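Participant: I'd like to go over a predicted model; first the sequence, then the structure.
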Amino acid sequence: NSLKAAFEGEFTIGAALNGRQAMGQDADAIPVITQHFNSLTAENIMKWGPIHPEPDKYNFEPADALVALSEQHGMELIGHTLVWHNQTPDWVFENGKGKPASKAQLLQRMEGHIRTVAGRYKGKVHGWDVVNEALNDDGTLRQSKWLTIAGEEFLEKAYRLANEVDPEAELYYNDYNMWKPAKRDGAIRLVRNLQEKGIRVDGIGMQGHWGLENPSIAQIEESIIAFSKLGKVMITELDIDVLPNPSNRNGADIDATFEFDEQYNVYTNGLPDSVQQKLAQRYADIFALFRKHSDKISRVTFWGVSDANSWLNDWPIKGRTSYPLLFDRNYQPKPALEAVLQPV
Ligand code: XIL
């Protein structure tokens, strides 16, 4: 009666933990984590901003605690993430005199960061999201400061360094909207280019920030199959948003019989039963697909343990009450958990 047991021999089941959970300060979370998951990811505490806030200042304590937790319970640990355009302090991209950093300066900082962080956790991290979200939805490279200052070389350099520093760790490319055909093609180009230069990229993470209706199972399946030709495929950051995206309200699926507060983007009477059932069915369909392709998928990671910890309570607008995960705000199983464990 646990997720990890249900998918034993197929893929590992992961959860992203926040800082409190990593430090063992969320007592209610621990039993759920140990019962259901055998893979852990740092939701924030290994990102550049939290772990390396100033040039000579590192804050390792929360990440060290997560490493210890994963070791204590024999779980694999996923490092997230070394190179990203978000949650990276401004100083990284500046020269200290209010001007942009030079290419050499930026690449040197990246090198120092990767050597220090990946070096500290060498032999303890099962795999690293080396580069996160380097692509636009049309498959072209995102015009991040990494790209505009350092050029495409930053990609190559990041993977070469990660490989040098921790040769045993798997190295991944991770991004969202990977079911979109143009982005799928872009990710394949990006990873294949690196691999053709002899650079090790072991797998691709498809972030699963999906909705009740979209993407379709067929769209997800196409990407799983396409990515599997390049290496391992992981479903990372899985959460199913049942709320309409306020910036994209057209066609939103709101249950009209319950009060939905448009301003705050919450169901004022709690999640309607009909939506709860839809969420369960959606999770059942998605996991049926993952099972069908368990020869290609090595891991499925949820972006949070319970609805109480989900980033979707604050995104895309603050103050939502979101219901994207398998455990409710009191860490109790939702119908969606049953649907995944015992598909009907
Ligand atoms: C999110 C975290 O969940 C939030 O707590 C944080 O405020 C912002 O970042 N894609 C990623 C993740 O790769 O790192 C993001 O995590 C969600 C989107």
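Facilitator: Done, it's in.
Participant: my guess is Ile220 contacts Ile286, does it?
Facilitator: Yes: assessed by CB atoms under 8 Å, Ile220 is found in contact with Ile286 at 7.3 Å. Bear in mind the C-beta positions are built from the backbone N, C-alpha and C, glycine included.
Participant: okay, and the common contacts of these two?
Facilitator: Residues within reach of Ile220 and of Ile286 at once, by CB atoms under 8 Å, 6 or more residues apart in numbering, are Trp210.
Participant: counting contacts, what elements does the longest helix belonging to the chain pack onto?
Facilitator: Among all segments of the chain classified by DSSP state H, the helix with the greatest residue count is helix 273-292. Using 3 or more CB pairs under 8 Å, 6 or more residues apart in numbering; DSSP states H and E, the elements in contact with helix 273-292 are helix 217-228, strand 232-241, strand 297-302, helix 335-341.
Participant: keeping just the C-alphas, turn that helix into PDB.
Facilitator: Included here for helix 273-292 are C-alpha records, laid out as PDB according to Å, rounded to 0.1, in the frame of the first residue of the first chain:
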ATOM      1  CA  ASP A 273     -16.100  16.200  -5.400                       C
ATOM      2  CA  SER A 274     -16.500  16.200  -9.200                       C
ATOM      3  CA  VAL A 275     -13.100  17.800  -9.600                       C
ATOM      4  CA  GLN A 276     -11.600  15.500  -7.000                       C
ATOM      5  CA  GLN A 277     -12.700  12.600  -9.100                       C
ATOM      6  CA  LYS A 278     -11.400  14.100 -12.300                       C
ATOM      7  CA  LEU A 279      -8.000  14.600 -10.600                       C
ATOM      8  CA  ALA A 280      -8.000  10.900  -9.600                       C
ATOM      9  CA  GLN A 281      -8.900   9.800 -13.100                       C
ATOM     10  CA  ARG A 282      -6.200  12.100 -14.600                       C
ATOM     11  CA  TYR A 283      -3.600  10.600 -12.300                       C
ATOM     12  CA  ALA A 284      -4.800   7.100 -13.100                       C
ATOM     13  CA  ASP A 285      -4.500   7.800 -16.900                       C
ATOM     14  CA  ILE A 286      -1.000   9.300 -16.500                       C
ATOM     15  CA  PHE A 287       0.400   6.500 -14.400                       C
ATOM     16  CA  ALA A 288      -1.100   3.900 -16.800                       C
ATOM     17  CA  LEU A 289       1.000   5.600 -19.500                       C
ATOM     18  CA  PHE A 290       4.100   5.700 -17.300                       C
ATOM     19  CA  ARG A 291       3.600   2.000 -16.600                       C
ATOM     20  CA  LYS A 292       3.300   1.200 -20.200                       C
END
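Participant: give me the contact list for it.
Facilitator: Counting contacts by CB under 8 Å, 6+ apart, the residues touching helix 273-292 from outside are 7, 10-11, 208, 210, 212, 217, 220-221, 224, 235, 238, 240, 242, 255, 257, 267, 297, 300, 323, 326, 334-336, 338-340, 343-344.
Participant: ok now do the residue in the chain that the ligand sits nearest to, which residues does it touch?
Facilitator: Checking the chain residue by residue against the ligand with CB to the nearest ligand atom singles out Trp311 as nearest, at 3.2 Å. In this structure, Trp311 makes contact with 43, 303-304, judged by CB under 8 Å, 6+ apart.
Participant: residues contacting the spatially most central residue of the chain?
Facilitator: Computing the C-alpha centroid of the chain and ranking residues by CA atoms, centre = their mean puts Glu237 first, at 3.4 Å. If you count contacts by CB under 8 Å, 6+ apart, Glu237 has them with 16, 174, 176, 205, 207-209, 301, 303.
Participant: pLDDT score for it?
Facilitator: For Glu237, the pLDDT comes out at 98.
Participant: any idea what sits nearest Asn313, other than its immediate chain neighbours?
Facilitator: The shortest distance from Asn313 to any residue that is not its chain neighbour, by CB to CB, 6 or more residues apart in numbering, is 4.9 Å, and that residue is Ser322.
Participant: what's the spacing between that neighbour and Asp314?
Facilitator: 9 Å (CB to CB, to the nearest Å).
Participant: more neighbours, the two?
Facilitator: Ser322 (23 against 11; other CB atoms under 10 Å).
Participant: would you mind giving the secondary structure of that one?
Facilitator: Each residue gets one of three states, and Ser322 gets coil by DSSP: H, G, I helix; E, B strand; the rest coil.
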